[in-house]
Each structure stands twice: as structure tokens, then as C-alpha cells.
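Asker: dropping a prediction and its sequence here:
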Amino acid sequence: MSGDRKVGVAVDYSSSSKYALKWALDNLADKGDHVVILHVHNNKGAETGQSQLWEKSGSPLIPLSELRQPNLVKQYDLTPDSETLDMLDTAARQKQIIVVAKIYWGDPREKLCDAVEDLQLDSLVMGSRGLGSLKRVFLGSVSNYVVTNAICPVTVVKEPGFKP
């Protein structure tokens with residue numbers, strides 16, 4: 001079944017999302033698969049041209065090779081770190097996977113579920129922020145919402161040794 005899956009990974013460049021990305025690349029990605037890096041800008045206040053143009057559908061798919069270009073990074077207000085990009089470059093080369101990124105603007109809970117449907121993802125991987133039960137009640141949990149509402153299997157990866 002290699003080569004016919006689309007695996008989404010929610011990435012915000014935090015340590016927990018980088019761990020989830022590493023887990024997805026090590027355990028799910030296989031030769032010919034598409035790995036879609038999903039980034040959601042939660043700041044609706046920043047009314048840039050891109051956020052207004054692609055507010056509902058998200059950005060066009062961005063090839064991995066373009067994620068290192070300073071103009072593109074600035075255009076989408078991304079801050080990918082070299083560790084994440086190196087991890088993606090290595091996996092793309094060694095596992096022969098296709099890596100693209102897509103940016104959304106809005107509520108991460110809703111936009112991740114939208115991405116699953118829009119991109120017809122076979123699975124979604126995301127990190128856990130490790131909120132305690134009290135904080136989760138007041139702040140809500142993106143992972144709980146996505147697990148409950150996404151139309152594909154969702155894997156929530158918790159960073160080892162992480163304490164809320």
C-alpha cells in the first residue's frame with residue numbers, strides 16, 4: 001500500500017509538534033506517500049493579503065524546496081526552524097516521500113478538521129501540549145476536538161517526559 005497515502009502532520013514548531021513530526025516520519029511515512037505539513041495561524045487580527053485571500057481554503061500547497069526561501073517564509077509569516085526543515089529533507093530523500101506544506105488562518109480546531117476533508121487525508125498526526133485537566137476544561141483541547149470531529153484516524157503523540 002505504499003505510495004497512495006496522504007498523512008497530515010500539524011506543526012507549530014514547538015517541541016511537542018516536532019516530536020509528533022518525527023514520530024510520523026519514523027512510523028507512518030512510507031515510500032511514495034505524501035506528507036502534508038499543516039500550520040494554522042491563530043491570529044485573525046493580522047489581516048494580511050494572504051490571510052484574506054485564502055482564509056477559507058488555506059494557502060496553495062507549498063513544496064518542501066520552497067520552505068527555505070526567505071520571501072516565501074515572510075509572505076506566509078512562517079518561522080520554520082532548520083531542525084524541522086532538515087528532518088523533512090532527510091525523510092524526503094531517504095524514504096522517497098513527497099512533502100508539502102499548507103497554511104490555514106483561524107481556529108486550529110476547525111481548520112485542522114477542514115484540512116482533513118479538503119486534502120482527503122488518510123490520517124492526521126499531532127502533538128499534545130500536555131494541558132492538565134483543569135486547563136483543558138477552561139482552554140479546551142485542540143487534540144480532543146480534532147480526535148472527536150475529524151473524519152480520518154488521528155494520532156496524538158505525547159512527548160516523553162513532558163510534564164504540564
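Answerer: Good, I have the coordinates. Here the structure is a predicted model, which is why all the values come from computation and not from measurement.

Asker: can you give me the strands for the protein?
Answerer: 6-10, 34-41, 62-63, 98-105, 123-127, 154-157 (DSSP state E).

Asker: tell me which of the ones you listed sits nearest to Asp86.
Answerer: Proximity to Asp86 (C-beta to C-beta) singles out strand 98-105 among those, at 12.2 Å. Bear in mind the C-beta positions are built from the backbone N, C-alpha and C, glycine included.

Asker: counting contacts, what elements does the closest one pack onto?
Answerer: On a contact count with 3 or more C-beta pairs under 8 Å, 6 or more residues apart in numbering; DSSP states H and E, strand 98-105 meets strand 34-41, helix 49-53, strand 62-63, helix 82-95, helix 108-119.

Asker: avg pLDDT for that strand?
Answerer: Strand 98-105 carries an average pLDDT of 94.

Asker: residues near Pro153, how many?
Answerer: 12 (other C-beta atoms under 10 Å).

Asker: mean neighbour count for the strands of the chain - can I get that in JSON lines?
Answerer: Output for those, formatted as JSON lines (neighbours: other C-beta atoms under 10 Å):
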{"stretch": "strand 6-10", "mean neighbour count": "24"}
{"stretch": "strand 34-41", "mean neighbour count": "22"}
{"stretch": "strand 62-63", "mean neighbour count": "17"}
{"stretch": "strand 98-105", "mean neighbour count": "22"}
{"stretch": "strand 123-127", "mean neighbour count": "24"}
{"stretch": "strand 154-157", "mean neighbour count": "19"}
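
Asker: put together JSON lines for those, with distance to Ser82 on each row.
Answerer: As requested, the strands of the chain are arranged in JSON lines below (distance: least, C-beta to C-beta, whole Å):
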{"stretch": "strand 6-10", "distance to Ser82": "18"}
{"stretch": "strand 34-41", "distance to Ser82": "15"}
{"stretch": "strand 62-63", "distance to Ser82": "17"}
{"stretch": "strand 98-105", "distance to Ser82": "15"}
{"stretch": "strand 123-127", "distance to Ser82": "19"}
{"stretch": "strand 154-157", "distance to Ser82": "22"}
